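S.K.: The following comprises the amino acid sequence and a computationally predicted model.
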Amino acid sequence: MYFLNTSISLIVAATLVGNSHATTSRPRLVVSEADKSKEFQFLTNATEIEIEFFVNGTDFPSVPFDIGESYAGLLPNTPYGDSELFFWFFPSLNPVAKNEITIWLQGGPGCSSLDGLLQENGPFLWQSGTYQPVRNMYSWTNLTNIVYIDQPVGTGLSPGKPTVDNEVDISNQFNDFWRRFIDVFEMQGYKMYLAGESYAGMYIPYIAEGFIEQNDTEHFNLKGIQINDPTINEQNILANVPAVAALNHFSSVFSLNETFMKDINARDEKCGLTKFLNEALTYPPPKNFPVAPNPYADPDCLVWYDIVSAAQLVNPCFNMYHLTDFCPYLSDPMGFPSLAVGPGVYFNRSDVQKALHVPPTNYSLCNETVIFPNGDGSLPSALGPLPKVIEETNNVIIGHGWFDFLFFLNGTLATIQNMTWNGAQGFQHAPTEPLIVPFTTGQVENPNIWDGGSGILGTAHTERGLTFSSVYRAGHEIPQYVPGAAYRQLEFLLGRIKNLQDTGPFTTQP
């Protein structure tokens, strides 16, 4: 049913505090009497530590509007760690969100979650090629309290050298930080959701397992997770094996010459790459699940690298995160890609760092620090904690963008078909139902108003507590490219709608 199963056609869009000491010094904030008099949810009768984290939303650097109530700064991750983690917390005005919070984590490993805030789902956006920040009508704060966290140490605005060797270390340090966060903001008993993308497909299932094992619903009341375009298996399955079939499907985008296409397809056939996919992507999965080809046994089987290299020759600005991008590079306040010309890296500015209560930090989007100097010693999450998290929460969403050429949706589906949870292996039925996103007032009354897309924007299928949802026009970052679909997925994760075929309006209008 998907483009990597070349024997059948695609379902295209034609179907329509503990220890609270600080290990580094940080600027302190004096809150004005005017701010104290406002009805801030977490500043009422504020303690000294809450005031220390309060962000002045009415005068945030380069933002020409009030970004609302928020809190930012550093909290220790001790005793498992020996440093601090940076957070930026945005309370929601939605009364339904009163007793819940969503955690957003970026991947990498070593990429800052502030990328998700500034260019995906935060209350204000400053996306590539735009002049200045704008309000985000699809901000996730419309639905829930949300906190963006740079972790592990050595990522983004979290200073220090990483001290992790595997995902259990990640989970233990995060748990120590999170317990403090809950105590500081008096959120004991809140329902908690974890969401993120890419290498967060490793982070989040392991952190979620750590939450579950704490057996402490006051601080770790986990209710569900969402991981988009996630690292849940080996790169061979997620990237290399599906690459040629994806190239064939998007051949008009790549425009590679006939000689290359014949050669790469001959190599695919010789190595049995698409053959493996066609066998794996059956519903229910085959009793004797096929063994994936080993690309390291024959260099001809390492096809993904050669496809990307050829694509970069034809299109020097080829973007594996969103394959329909072309030259020129757009200016980007996050500093990605490094060749893009722009105003500088926004979160590396001293005035921005001061406003966020962090000491001077050499910020980069994806830190050059090696998070795992000896490699991540943990199993891929699909072979480790992910099935357990599904069984404990019965509320796990795996999202995937079709235009992602880093990880492929059919690599993720092949992984799911070889995974056992809640008493059965894989999906028993083809994941073909539509992902339906309601039309917005902006579209109906004024088609020129930017919005996040509406109608049938992908697929969404749920079995035994696991939902797989693909998004047609999205790349590696679903909220960045198709924010309406990402918003709808979050509504489902939070339990605001019964399924992703629900045709009712958004539960909270942007």
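M.R.: Thanks, I have the structure now.
S.K.: contacts and neighbour counts: CA atoms only from here.
M.R.: Fine.
S.K.: what about the helices in the stretch 351-500 of the chain?
M.R.: Applying DSSP state H, counting those that start in this stretch to the stretch 351-500 of the chain gives helices spanning 386-393, 409-417, 441-445, 478-481, 483-493.
S.K.: Quick one: these as a markdown table, columns for mean neighbour count too.
M.R.: A markdown table is the format used below for the helices of the stretch 351-500 of the chain (neighbours: other Cα atoms under 10 Å):
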| stretch | mean neighbour count |
| --- | --- |
| helix 386-393 | 20 |
| helix 409-417 | 25 |
| helix 441-445 | 12 |
| helix 478-481 | 24 |
| helix 483-493 | 24 |
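S.K.: Using a markdown table, lay out the ones you listed together with mean pLDDT and distance to Gln127.
M.R.: Shown next, in a markdown table, are the helices of the stretch 351-500 of the chain (pLDDT from 0 to 100; distance: least, Cα to Cα, whole Å):
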| stretch | mean pLDDT | distance to Gln127 |
| --- | --- | --- |
| helix 386-393 | 98 | 32 |
| helix 409-417 | 97 | 25 |
| helix 441-445 | 52 | 20 |
| helix 478-481 | 95 | 8 |
| helix 483-493 | 96 | 13 |
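S.K.: how about the ones you listed, which one is nearest Ser112?
M.R.: Closest approach to Ser112 among the helices of the stretch 351-500 of the chain is made by helix 478-481 (15.1 Å; Cα to Cα).
S.K.: and Pro64, which of the helices of the stretch 351-500 of the chain is closest to it?
M.R.: Minimum separation from Pro64 across the helices of the stretch 351-500 of the chain (Cα to Cα) falls at helix 478-481, 21.1 Å.
S.K.: Distance check, the closest residue to Asn56 other than its chain neighbours against Thr58.
M.R.: Once flanking residues are discounted, Asn56 sits nearest to Ala355: 7.3 Å by Cα to Cα, 6 or more residues apart in numbering. Relative to Thr58, Ala355 is positioned 11 Å away (Cα to Cα, to the nearest Å).
S.K.: Show me which of these two is the more surrounded one.
M.R.: Of the pair Ala355 and Thr58, Ala355 is the one with more neighbours under other Cα atoms under 10 Å, namely 21 against 14.
S.K.: show me the contacts for the more buried one.
M.R.: Taking Cα atoms under 8 Å, 6 or more residues apart in numbering, we find Ala355 in contact with Val55, Asn56, Phe60, Pro61.
S.K.: just Val134 next, same as before
M.R.: Val134 touches Val63, Phe124, Leu125, Trp126, counting by Cα under 8 Å, 6+ apart.
S.K.: ok, now Asn418?
M.R.: Counting by Cα under 8 Å, 6+ apart, Asn418 has contacts Ala280, Pro285, Phe289, Gln425, Gly426.
S.K.: just checking, next helix/strand downstream of the strand or helix carrying Ala72?
M.R.: Secondary structure from DSSP states H and E places Ala72 in strand 71-76. Next in sequence after strand 71-76, counting helices and strands by DSSP H and E, comes strand 84-90.
S.K.: Filter the contacts of Asn418 down to just the buried residues.
M.R.: Neighbour counting by 16 or more other Cα atoms under 10 Å classes Ala280, Pro285, Gln425, Gly426 among the contacts of Asn418 as buried.
S.K.: Out of these, which comes closest to Met320?
M.R.: Closest approach between those and Met320, by Cα to Cα: Ala280, at 24.5 Å.
S.K.: Show me where the chain dips below the pLDDT cut-off.
M.R.: 1-38, 44-50, 337-343, 440-451, 508-510 (pLDDT under 70).
S.K.: Longest helix in it, by number of residues?
M.R.: In the chain, with assignment by DSSP state H, the single longest helix is helix 167-184.
S.K.: Just the CA atoms of that helix, as CSV, please.
M.R.: These are the backbone C-alpha positions of helix 167-184, laid out as CSV (Å, rounded to 0.1, in the frame of the first residue of the first chain):
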residue,chain,number,x,y,z
GLU,A,167,19.9,5.5,26.8
VAL,A,168,19.6,4.3,30.4
ASP,A,169,22.0,7.0,31.3
ILE,A,170,19.9,9.5,29.3
SER,A,171,16.8,8.4,31.2
ASN,A,172,18.3,8.5,34.6
GLN,A,173,19.6,12.0,34.2
PHE,A,174,16.4,13.2,32.7
ASN,A,175,14.4,11.7,35.6
ASP,A,176,16.4,13.6,38.1
PHE,A,177,15.9,16.8,36.2
TRP,A,178,12.2,16.1,35.7
ARG,A,179,11.4,15.5,39.3
ARG,A,180,12.9,18.9,40.2
PHE,A,181,10.9,20.6,37.4
ILE,A,182,7.6,19.1,38.7
ASP,A,183,8.4,20.2,42.2
VAL,A,184,9.4,23.8,41.2
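S.K.: Tell me which other helices or strands the very next helix or strand once past that helix touches.
M.R.: Using DSSP H and E, the next helix or strand after helix 167-184 towards the C-terminus is strand 191-197. For strand 191-197, the contact count by 3 or more Cα pairs under 8 Å, 6 or more residues apart in numbering; DSSP states H and E identifies strand 100-105, helix 200-214, strand 222-228 as packing neighbours.
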